[in-house]
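Q: Got a predicted model here, sequence first, then my questions.
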Number of protein chains: 2
Amino acid sequence: MSGFNLEHFLPYLLNQAAEVSSLAFQQVYKDRYGMLRNEWRVLFHLGMYEQMTARQIAERAQLHKTKISRAVAKLEGRRFLTRARDGADRRVEHLALTPAGRAAFEDLRRVADRYDQALVADLSPEEAAHLRTLLARLAQRPLSDTLRGK
Amino acid sequence: MSGFNLEHFLPYLLNQAAEVSSLAFQQVYKDRYGMLRNEWRVLFHLGMYEQMTARQIAERAQLHKTKISRAVAKLEGRRFLTRARDGADRRVEHLALTPAGRAAFEDLRRVADRYDQALVADLSPEEAAHLRTLLARLAQRPLSDTLRGK
DNA sequence: ACGTAATAGTTGTATTTGTAACTAACAAGC
DNA sequence: GCTTGTTAGTTACAAATACAACTATTACGT
């Protein structure tokens, strides 16, 4: 009786679209810089916001701190970022890109920009904007309790 | 000069939305049946299409055959499905749910149905339908060569 | 000031995943 | 009927991930 169809199930569609649309770009940062997804994300956050702590990145990117920790270690190993202990609170470290890191970021940013345009090429500007809005809304809402009860 | 913004980058948005919107549902099939995402997907495909081969599932779900292979093995171990060798071509096996598998599927299908409705609760039916269409379009297009050239 | 709790970040280990190599069965050309 | 190639599915091993436990430092309550 329910019209449920796997191919219309939103989480399924979102995962498929996310996977497919990430693939080609993933190939680029992997091939050019040997980066993984989390490293790319950290790089981009630092590129966009200049200076952040691991915790701030974790919050914004909704990533677990262990992922950040490992990504930061790798990026540091490649001399793409440096850490600076905070003077007041010696637990936190301020992360920032090195010139090399910034160069990689700028390169990948250009690729991402073109890639994004290609992705929405057959959508009207309004459609594309609307899509982004809807996705952002879905991404923010924590749905942990929508399934309470039988 | 480029208006590129990480938070508007479509693959990023898609991944975030996919992750967040999968979480609560994932919790259900994990808690109730100890399933992983790929096992759930196989279960759902068999539930929706009655009988399929591993290859057919791989094609439809856009999953690598090793994932299917392992998911099938696990589901078989839990007596959720059975395999039947094809008479004509003895390489292929036809997979089908057992009654226990079907029960799990029906249970999860109901949950998924409710969950999907909750996800689109604050969208108009037209908006929701449009969103699904766009996502399906993004999921189908192979973008492997959009990034050729500098 | 001292004990308890919270926070930033790291590390260890068990699971999962990705990739390639593998086995078995069929197909096609000659 | 062999050789070569393809396809269905599995297995092995390296890499990546999740989750919990850990260290170090700061904050709070009394």
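A: Looks like it arrived, so ask away.
Q: Could you tell me which residues of chain A lie near DNA strand C?
A: For chain A, the residues in contact with DNA strand C (Cβ under 7 Å from any atom of the strand) are A:53-56, A:65-66, A:68-70, A:72-73, A:91-93. For every residue, glycine as well, the C-beta is placed using N, CA and C.
Q: Return the subset of those lying in helices.
A: Counted as lying in helices by DSSP state H, out of the residues of chain A next to DNA strand C, are A:Ala54, A:Arg55, A:Gln56, A:Lys65, A:Thr66, A:Ile68, A:Ser69, A:Arg70, A:Val72, A:Ala73.
Q: DNA strand D next: which of the residues you listed are close?
A: A:Thr66, A:Arg70.
Q: Taking the ones in helices among the residues of chain A next to DNA strand C, please make a ChimeraX selection of just the buried ones.
A: Typed into ChimeraX, the line below selects the buried ones among those, using 16 or more other Cβ atoms under 10 Å in any protein chain shown:
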select /A:54,56,68,72
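Q: quick check, nearest of the ones in helices among the residues of chain A next to DNA strand C to B:Leu123?
A: The shortest approach to B:Leu123 among those belongs to A:Gln56, at 31.0 Å (Cβ to Cβ).
Q: Might you list the low-confidence residue ranges for chain A?
A: Residue ranges of chain A with pLDDT under 70: A:1-2, A:142-150.
Q: give me that answer again for 80
A: For chain A, the stretches with pLDDT under 80 are A:1-3, A:141-150.
Q: related to what we said a few turns ago, would JSON lines of the ones in helices among the residues of chain A next to DNA strand C with distance to chain B be doable?
A: Converted to JSON lines, these look like this (distance: Cβ to the nearest Cβ, whole Å):
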{"residue": "A:Ala54", "distance to chain B": "17"}
{"residue": "A:Arg55", "distance to chain B": "18"}
{"residue": "A:Gln56", "distance to chain B": "14"}
{"residue": "A:Lys65", "distance to chain B": "16"}
{"residue": "A:Thr66", "distance to chain B": "16"}
{"residue": "A:Ile68", "distance to chain B": "15"}
{"residue": "A:Ser69", "distance to chain B": "19"}
{"residue": "A:Arg70", "distance to chain B": "18"}
{"residue": "A:Val72", "distance to chain B": "17"}
{"residue": "A:Ala73", "distance to chain B": "21"}
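Q: where along chain A do the strands fall?
A: With DSSP state E, the ranges of strands along chain A come out as A:51-53, A:81-85, A:93-97.
Q: Point out the most buried one among the ones you listed.
A: Mean neighbours per residue, mean count of other Cβ atoms under 10 Å in any protein chain shown, is largest over those for strand A:93-97, with a mean of 18.
Q: Next, the angle from that one to strand A:81-85.
A: Counting by axes from the mean of the first three to the mean of the last three Cα atoms, to 10 degrees, strand A:93-97 lies at 160 degrees to strand A:81-85.
Q: okay, which residue is most central for chain A?
A: Nearest residue to the geometric centre of chain A (Cα atoms, centre = their mean): A:Arg41, 4.4 Å.
Q: Many thanks, we can stop here.
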